[in-house]
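S.K.: sequence first, then the predicted structure:
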Amino acid sequence: MDKKEPYIKVTKDGPYLVYGISSLAEKIILTDERGVSVKYGDGKTFEIKGDTIALCRCGKSKNAPFCDGSHAGDNFNGTETASFEPILKGAEKWSGPNFDLMDNPKYCAFARFCDDHGQIWNLIGIGAEKTDRWAIQESWDCPAGRLQVFNKKGEVVDKPLPKEIFTLEDNGMKISGPLWVRGGIRVESEDGKSYEVRNRQTLCRCGASSNKPFCNGAHASLKWKATTPK
């Protein structure tokens, strides 16, 4: 494998080691007056030092998003529980006149873009040009790739993304979210086995997901907020 190709290594009860990226920035989930997520805003940019960076996954670092060794003192249990099967393996199908929706809720990052214009599960069943367009956009805005729209030929309706990693902050709920990994960056388990390479995926940062290393929305119920240096 080309060593210049970005990838993420999950370490045993420790951080994510990230190789081959030159930038790390923050994306902010912005909401409207209803509290519904409507778009992403740009946040801070983090300084990258060296070819390898260690990103916190225990949720306790005082230097988030970077690891500061807190996982060791906190006896963090980072046991991976996610399946290596493709995400569609456990997905439920919602059929519409023009498109189908595949939904695997185990990977929900609780970003809530699926509520804009009406919930995506309802939109997909209407069959109008406008509602189809809204449903597709809501699937694209889902950072975890939980929601995927397919045409009737069985082709996923998606757009290529550059290989990038962001931290998510939720302006509506005033909490921090997962790592947003885009563009087909490979994630390797502590045992050296690769998870499915996907265009969009989210990795747990709060330490509480039951689908590690992937986010399952646990940060929302915890009202977790990452601690960054002042």
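M.R.: Looks like it arrived, so ask away.
S.K.: could you export stretch 164-180 as CSV, CA atoms only?
M.R.: Taking only C-alpha atoms (Å, rounded to 0.1, in the frame of the first residue of the first chain), the coordinates of stretch 164-180 have been written out as CSV:
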residue,chain,number,x,y,z
GLU,A,164,-10.5,15.1,4.8
ILE,A,165,-11.0,14.8,8.5
PHE,A,166,-13.0,17.2,10.6
THR,A,167,-14.1,17.5,14.2
LEU,A,168,-17.9,18.2,14.5
GLU,A,169,-19.3,20.7,16.9
ASP,A,170,-23.1,21.0,17.3
ASN,A,171,-24.2,24.6,17.6
GLY,A,172,-27.8,23.7,18.2
MET,A,173,-27.2,21.4,21.1
LYS,A,174,-24.1,23.1,22.4
ILE,A,175,-22.2,19.8,22.4
SER,A,176,-19.2,18.3,20.6
GLY,A,177,-19.6,15.5,18.1
PRO,A,178,-17.5,12.8,16.4
LEU,A,179,-14.7,12.9,14.0
TRP,A,180,-16.1,13.3,10.5
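S.K.: for it, buried residues please.
M.R.: Along stretch 164-180, these residues count as buried under the neighbour rule (16 or more other C-beta atoms under 10 Å): 164-170, 172-173, 175-180. The C-beta positions use only the backbone N, C-alpha and C, and glycine is treated the same way.
S.K.: name the next helix or strand following the longest helix seen in the chain along the chain.
M.R.: The helix of greatest length in the chain, counted in residues with DSSP state H as the criterion, is given as helix 129-141. On the C-terminal side of helix 129-141, the nearest following helix or strand under DSSP states H and E is strand 147-151.
S.K.: and the angle from that following strand to helix 129-141?
M.R.: Angular relation of strand 147-151 and helix 129-141 on a 0 to 180 degree scale: 130 degrees, by axes from the mean of the first three to the mean of the last three C-alpha atoms, to 10 degrees.
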